[in-house]
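Trainee: sharing a model prediction with you, sequence too.
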Amino acid sequence: QVQLVESGGGLVQAGGSLRLSCAASGRTFNNYAMGWFRQAPGKEREFVASISRSGFSTYFADSVKGRFTISRDNAKNTVYLQMNSLKPEDTAVYYCAAPLPSKAVTNTPEGYDYWGQGTQVTVSS
């Protein structure tokens, strides 16, 4: 089992940047692919980005391609989401998540088994 804690959210103006961090408990962090999702008020939770166990493979939602990057530091048990050129429509609660080690990386919330508590990102126009 893994426990996840996000940090780094906040209020930023459009065009600005934020870096979210997700710290994982346990000593087997590199057994887990990791993902970021977000949920805006009144909307369903949506996929943002994911990264493979090694960090060599990354995937992004079309809405954030070219603006967001995902990375991980397995020595620090941490995954990051660097968000640049932020837009008001990026406003949401951002969650990091992990699937069971036996599962392949996916872009649906149903494919993830462990979730953090979320961190609020607000982008003002």
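Mentor: On my side now, so go ahead.

Trainee: low-confidence stretches in the chain?
Mentor: Filtered on pLDDT under 70, the chain yields no residues whatsoever.

Trainee: any idea what the residue nearest the centre of it is bridged to?
Mentor: The C-alpha lying nearest the average C-alpha coordinate of the chain belongs to residue 36 (Cα atoms, centre = their mean; 2.2 Å). Beta-bridge partners recorded for residue 36 (DSSP bridges): residue 49, residue 96.

Trainee: isn't it right up against residue 50?
Mentor: Yes: counting by Cβ atoms under 8 Å, residue 36 touches residue 50, with 7.3 Å between them. Bear in mind the C-beta positions are built from the backbone N, C-alpha and C, glycine included.

Trainee: wasn't residue 56 part of a strand?
Mentor: No: according to DSSP: H, G, I helix; E, B strand; the rest coil, residue 56 belongs to no strand; its state is coil.

Trainee: begin at 8 from here
Mentor: Got it, the first residue is 8 from now on, which makes the last one we talked about residue 63.

Trainee: how near is it to residue 49?
Mentor: Using Cβ to Cβ, to the nearest Å, residue 63 is found at 36 Å from residue 49.

Trainee: so what's the nearest residue to residue 11 once chain neighbours are set aside up against?
Mentor: Distance criterion Cβ to Cβ, 6 or more residues apart in numbering; nearest residue to residue 11, sequence neighbours excluded, is residue 123 at 3.7 Å. Contacts for residue 123 (Cβ atoms under 8 Å, 6 or more residues apart in numbering) come out as 11, 12, 13, 29, 102, 103, 104.

Trainee: which elements pack onto the helix or strand containing the third one?
Mentor: In this assignment (DSSP states H and E), residue 13 forms part of strand 11-14. Contacts defined by 3 or more Cβ pairs under 8 Å, 6 or more residues apart in numbering; DSSP states H and E place strand 11-14 against strand 25-31, strand 99-105.

Trainee: show me where this structure has its strands.
Mentor: With strands called from DSSP state E, the chain shows them at 11-14, 17-20, 25-31, 41-46, 53-58, 65-67, 75-80, 85-90, 99-105, 121-122, 126-131.
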